[in-house]
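Participant: Structure for the following, please:
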Amino acid sequence: MQKLIQTRMATIVVQTEINSSLDKAWEIISDIDNEPKFWKGTKEVKTLSKEGDVIKREITIAFRDQKCLQEVQLKPKNEVKAKFTKGILNGTKSIKLTQNDEKIIMETTWDIKLSGMMNMFTGVIKNHIKSGTEQAMQSIKKEIEG
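Facilitator: Numbering: from 1, shown residues only. Modelled structure (predicted):
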């Protein structure tokens with residue numbers, strides 16, 4: 001009899017408030033080629049193709065220099081949504097902007113798990129990704145508020 005190992009997705013949500021216009025915040029988060037500047041877990045990004053508002057790209061993550069494929073959808077002045085389509089990560093990462101009076105709420109949500117035999121370590125990496133996300137969002141906030 002085969003054992004079934006079922007790993008739940010790790011869901012991580014981090015929010016921060018930014019003193020900025022929506023236009024300025026969108027300008028920074030939608031420049032996805034700049035991702036490694038803010039996200040220390042992303043070492044390199046390479047755009048493979050662009051069709052409409054969907055960008056297919058290869059990213060190299062810091063974890064053992066693993067390469068992952070992503071489809072990134074830009075929803076102007078609202079959301080950057082990345083879906084991991086191949087590699088060690090399965091799932092999505094979304095950065096949303098919401099206008100709140102004179103401020104912007106920036107929220108990053110991960111819904112991911114490690115693929116294949118690595119899926120048993122999903123829980124272990126959750127805290128690592130959360131702290132990396134908190135650090136990235138503070139760097140983005142600093143850049144936007146300039």
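Participant: Check which residues of the worst-scoring helix or strand of the chain on mean pLDDT are buried.
Facilitator: Least confident helix or strand, the chain: helix 122-145 with a mean of 92, by mean pLDDT, DSSP states H and E. With burial defined by 16 or more other C-beta atoms under 10 Å, the residues of helix 122-145 counted as buried are 122, 125-126, 129-130, 132-133, 136-137, 140-141, 143-144. Where you see a C-beta, it was placed from the backbone N, CA and C, and this is true even at glycine.
Participant: can you check stretch 105-112 too?
Facilitator: 106, 108-110, 112.
Participant: can you give me the strands for the chain?
Facilitator: 10-18, 42-51, 54-61, 67-75, 79-86, 89-100, 103-114 (DSSP state E).
Participant: Dump those strands to TSV, plus distance to N34 and mean pLDDT.
Facilitator: Shown next, in TSV, are the strands of the chain (distance: least, C-beta to C-beta, whole Å; pLDDT from 0 to 100):
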stretch	distance to N34	mean pLDDT
strand 10-18	16	95
strand 42-51	9	96
strand 54-61	13	96
strand 67-75	13	97
strand 79-86	12	97
strand 89-100	13	96
strand 103-114	15	95
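Participant: mind putting those in CSV, distance to I32 included?
Facilitator: CSV is the format used below for those (distance: least, C-beta to C-beta, whole Å):
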stretch, distance to I32
strand 10-18, 18
strand 42-51, 7
strand 54-61, 7
strand 67-75, 6
strand 79-86, 7
strand 89-100, 10
strand 103-114, 14
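Participant: Quick one: closest of these to W26.
Facilitator: Across those, W26 has its closest neighbour in strand 89-100 (6.3 Å, C-beta to C-beta).
Participant: Report the central residue of this structure.
Facilitator: For the chain, the residue sitting closest to the mean C-alpha position, by C-alpha atoms, centre = their mean, is K93 at 3.9 Å.
Participant: okay, now the residue nearest to it when sequence neighbours are not counted: neighbour count?
Facilitator: With C-beta to C-beta, 6 or more residues apart in numbering as the criterion, K93 has its nearest non-adjacent residue at 4.7 Å, and that residue is A82. A82: 22 surrounding residues under other C-beta atoms under 10 Å.
Participant: A82 contacts L74, doesn't it?
Facilitator: No: the criterion here is C-beta atoms under 8 Å, and A82 misses it with L74 at 10.1 Å.
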